[in-house]
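Novice: Quick one, structure for this:
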Amino acid sequence: MSGPGRPFAEGERVMIVDRKKRHYLVTLAPGNQFHTHKGVVRHDDLIGLPEGSWVTSTRAERYVTLRPTLEDTILLMPRGAQVIYPKDLGAIVLLADIGPGVRVLESGVGSGALSIALLRAGADVTGYEIREDFANRARHNVEEFLGPAALDRYHVELRDCYEGIDGTVERVILDLPEPWQVVPHAERAMVTGGTLLAYTPSIVQAARTRERLAVGPWAECKTIEILHRSWHVEGDAVRPDHRMVAHTGFLTYARLIAGESVAGDAVAGDVSDGSAQPGSSPSAR
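Specialist: All right, here's what the predicted structure looks like:
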């Protein structure tokens, strides 16, 4: 029979959930209090409490207490820039093939949501960010969720990625208005076989990026978007929810190859999307 999880500790982030499924993120500190219109919960009552326990406020409102997941943290954490939504973060980590020790160049870092996902997957991340307040916020959020040790694999530089990339990297992940400007720099900085991935809110941005990729040494060029639809499941009432997280951004990605290719070449453009070309066969796609 399973029971509540390990106890909460001082300085730890805890997610408090009310009966209407509203979520609150607090960092436990002795003497502090969590306030809502439904009463007060003392942090001292949470410190040492096993995860998954219930607490009651001074106005008899009950809350369940949990450690926040990465998704919870990203949606609730302090931020200045708009974060990349969790549904896209999971796809980015998978499509860019992020794993332990992979050297990643990320630009710009925003509030650090993508940085956290990359670091948690084990990557070594160098971030380029032109705003110092965003860089500081990202470092803070990384340390808060992953701990100080994660900062050994996380280096944020105040610089403009449009002006170039220093060193050698295996992945380039971009959250910038004009990612196509970075493609030439990525061609010089990335190892062959590495992946470039650009997150863009507009399909026009994605198209401009694809145009530039088509005239460089790139293969497996693709653009996708992720749609997230939840379902209402209550007894016999089973249906899609009326609201869904639909468009947030487009993910455009490609693999760097040796040599040169041009638009229409077999290693770039539509053939890599699986579309048929004259004389092609299914086994050659």
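Novice: Please make it C-alpha for all contacts and neighbour counts, starting now.
Specialist: Noted.
Novice: roughly how far apart are residue 237 and residue 231?
Specialist: Separation of residue 237 from residue 231 (CA to CA, to the nearest Å): 10 Å.
Novice: So between the two, which is more surrounded?
Specialist: With neighbours defined as other CA atoms under 10 Å, residue 237 and residue 231 compare such that residue 231 has more, 12 against 8.
Novice: Leaving out the residues flanking it, which one is nearest to that one?
Specialist: residue 240 (4.2 Å; CA to CA, 6 or more residues apart in numbering).
Novice: What backbone torsions are found at the one you found?
Specialist: Main-chain torsions, residue 240, degrees, to the nearest 10: phi -60, psi 140.
Novice: which residues touch it?
Specialist: 229-232 (CA atoms under 8 Å, 6 or more residues apart in numbering).
Novice: Dump these into a markdown table; add secondary structure, pLDDT and distance to residue 111 as well.
Specialist: Formatted as a markdown table, the contacts of residue 240 follow (DSSP: H, G, I helix; E, B strand; the rest coil; pLDDT from 0 to 100; distance: CA to CA, whole Å):
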| residue | secondary structure | pLDDT | distance to residue 111 |
| --- | --- | --- | --- |
| 229 | coil | 91 | 25 |
| 230 | coil | 92 | 26 |
| 231 | strand | 94 | 30 |
| 232 | strand | 91 | 32 |
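Novice: Out of the residues you listed, which is nearest to residue 29?
Specialist: Lowest distance from residue 29 to those (CA to CA) belongs to residue 230, with 35.3 Å.
Novice: And that closest one, how far from residue 9?
Specialist: Using CA to CA, we find residue 230 at a distance of 33 Å from residue 9.
Novice: Compare those two (neighbour count), which wins?
Specialist: residue 9 (16 against 12).
Novice: what's the closest non-adjacent residue to that one?
Specialist: residue 47 (5.4 Å).
Novice: okay but that neighbour is in contact with residue 13, surely?
Specialist: No: the criterion here is CA atoms under 8 Å, and residue 47 misses it with residue 13 at 10.7 Å.
Novice: Need the residues touching each of those two.
Specialist: Residues touching both residue 47 and residue 13 by CA under 8 Å, 6+ apart: residue 28.
Novice: Identify the residues contacting the strand ranked longest in the chain?
Specialist: As assigned by DSSP state E, the longest strand anywhere in the chain is strand 190-200. By CA under 8 Å, 6+ apart, the list of residues contacting strand 190-200 from outside reads 92, 96-97, 168-177, 179, 186, 206, 249-258.
Novice: could you flag which of the residues you listed are buried?
Specialist: For the contacts of strand 190-200, a neighbour count by 16 or more other CA atoms under 10 Å gives the buried set as 92, 96, 169-176, 179, 186, 206, 249-257.
Novice: In helices only, show me those residues.
Specialist: 92, 186, 206 (DSSP state H).
Novice: Go through the chain and flag its longest helix.
Specialist: helix 132-146.
Novice: so how far is it from its chain's centroid?
Specialist: Here helix 132-146 is found 14 Å from its chain centre; the criterion is CA atoms, centre = their mean, to the nearest Å.
Novice: go on, stretch 86-103?
Specialist: The answer for stretch 86-103 is 8 Å, by CA atoms, centre = their mean.
Novice: Please apply the same query to stretch 154-174.
Specialist: That offset, for stretch 154-174, works out to 17 Å (CA atoms, centre = their mean).
Novice: Contacts for it next, please.
Specialist: 96, 102-108, 119, 124-132, 135, 139, 181-182, 185-186, 189-191, 194-199.
Novice: of those, buried ones?
Specialist: For the contacts of stretch 154-174, buried by 16+ other CA under 10 Å: 96, 102-108, 119, 124-130, 135, 139, 181-182, 185-186, 189-191, 194-199.
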